[in-house]
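1. Give the three-dimensional model of this entry:
(one chain, ligands or ions: 1)
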Amino acid sequence: MTSMTVSHLSKTFKLARKEWLKAVDDVSFELTSGATTALVGESGSGKSTIARMLARLVRPTSGEILLETSDYRKDVQMVFQDPFGSLNPAHTIGYCLRRPLEIHKQPGTAEELLERVNLPAAYARRYPHELSGGQRQRVAIARALAPRPKVLLADEPVSMLDVSIRLEILNLIDRLKREEDLAVLYVTHDLATARHFARDIMVMYRGQIVERGPADDVILAPGHPYTQLLAEAAPDPWAAHEAPGRRREPRRERGTGPPVTDGCLFRTRCPHAVDACADEIAVHGEEHLVRCVLRESEPARRS
Ligand SMILES: Nc1ncnc2c1ncn2[C@@H]1O[C@H](COP(=O)(O)OP(=O)(O)OP(=O)(O)O)[C@@H](O)[C@H]1O
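-> The predicted model follows:
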């Protein structure tokens, strides 16, 4: 079931007197209960701005965010990247977890929430500085779950954690998604975990979604030259088992001059660019969408 529908969402930041930045440009998608949707793309592509708009921390310039339920403040919760900055050091873990239960008038206790994220109930008496980064992130997840939300926004939830515990935390979010029937938006740079944990992947480039589809299709048969570049550059732990010889050397960038602002924004970096890329870009496909003029004849697609 669709939990959240995002339509034509845009955000423009004013940088200086006559300088504007289109951080998010006409983005539409849906989040479904019981499923993870990954949002991937390089730094500065607008991923966090989308997550922050969905969390109502940033006001959209235009567009619409529709929630199936009516209580937005309760039903949409976010887990942030930094587990060290997200818990108030002056309060016990128990206090951090009881507050959202009280505010949203939910039954349950801090101890029960700790057990749901595999932490000992006795941690309720501890302070954030007594916990490791991974343990703090578990508390942040427990706090986000306290109001029994429908949508969980996870903005790079493991990128500041030790590599050795990242999978534990992602597995925890995955289990809770199934148990609570959550719609999860997973914002990440990491294509391998996006593919493993998400049902669908959306690829962002300079504020636009350039490709979207089932996770395996997007990673194994990327239709957009930008996704191909990302997939080729990413260390892929599954590649050796699935497709020997599939990987190629990343192509060299062709970028010259100032960045373009119309047509395909990737065309100055694209190894396949043709004149038509300067025109309005059509979106091809139904389940697997690709914003690329080359898609029709598919010369850019990997075999
Ligand atoms: N409050 C703001 N004022 C001005 N510009 C902003 C603001 N917030 C974000 N930006 C700019 O918007 C663009 C998109 O930023 P955003 O943080 O959404 O990207 P991102 O894909 O999440 O990157 P990262 O992976 O590094 O977090 C960037 O160019 C960023 O500098």
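
2. And the helices in the stretch 1-150 of the chain, which stretches?
-> With DSSP state H, counting those that start in this stretch, the ranges of helices along the stretch 1-150 of the chain come out as 47-54, 72-75, 93-103, 110-116, 133-145.

3. which one of these lies closest to the ligand?
-> Between the ligand and those, the shortest separation by CB to the nearest ligand atom is 3.1 Å, and it involves helix 47-54. C-beta coordinates here come from the backbone N, C-alpha and C atoms, glycine included.

4. Please enumerate the helices of the stretch 151-300 of the chain.
-> According to DSSP H, counting those that start in this stretch, the stretch 151-300 of the chain carries its helices in the segments 163-180, 191-197, 215-220, 225-233, 239-242.

5. can you put these in JSON lines and add distance to the ligand and mean neighbour count?
-> Listed next are the helices of the stretch 151-300 of the chain as JSON lines, based on distance: least, CB to the nearest ligand atom, whole Å; neighbours: other CB atoms under 10 Å:
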{"stretch": "helix 163-180", "distance to the ligand": "16", "mean neighbour count": "16"}
{"stretch": "helix 191-197", "distance to the ligand": "13", "mean neighbour count": "20"}
{"stretch": "helix 215-220", "distance to the ligand": "17", "mean neighbour count": "20"}
{"stretch": "helix 225-233", "distance to the ligand": "13", "mean neighbour count": "22"}
{"stretch": "helix 239-242", "distance to the ligand": "24", "mean neighbour count": "12"}
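
6. what would those helices look like in TSV with mean pLDDT?
-> Written out in TSV, the entries for the helices of the stretch 151-300 of the chain read as follows (pLDDT from 0 to 100):
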stretch	mean pLDDT
helix 163-180	96
helix 191-197	96
helix 215-220	96
helix 225-233	91
helix 239-242	43
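
7. List the contacts of D181.
-> D181 makes contact with 33-34 under the criterion CB atoms under 8 Å, 6 or more residues apart in numbering.

8. sorry, back to before: can you redo the helices of the stretch 151-300 of the chain as TSV with distance to E280?
-> As requested, those are exported to TSV (distance: least, CB to CB, whole Å):
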stretch	distance to E280
helix 163-180	37
helix 191-197	28
helix 215-220	23
helix 225-233	18
helix 239-242	35
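
9. follow-up on the earlier one: and the helices of the stretch 1-150 of the chain: which comes nearest R269?
-> helix 47-54 (18.4 Å; CB to CB).

10. got the CA coordinates for the closest one in PDB?
-> Coordinates of the C-alpha atoms in helix 47-54 are reproduced here as PDB (Å, rounded to 0.1, in the frame of the first residue of the first chain):
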ATOM      1  CA  LYS A  47      19.200  13.500  -1.500                       C
ATOM      2  CA  SER A  48      19.300  15.000   2.000                       C
ATOM      3  CA  THR A  49      17.200  18.000   0.900                       C
ATOM      4  CA  ILE A  50      14.500  15.500  -0.300                       C
ATOM      5  CA  ALA A  51      14.600  13.600   3.000                       C
ATOM      6  CA  ARG A  52      14.500  16.900   5.000                       C
ATOM      7  CA  MET A  53      11.500  18.100   3.000                       C
ATOM      8  CA  LEU A  54       9.700  14.800   3.600                       C
END
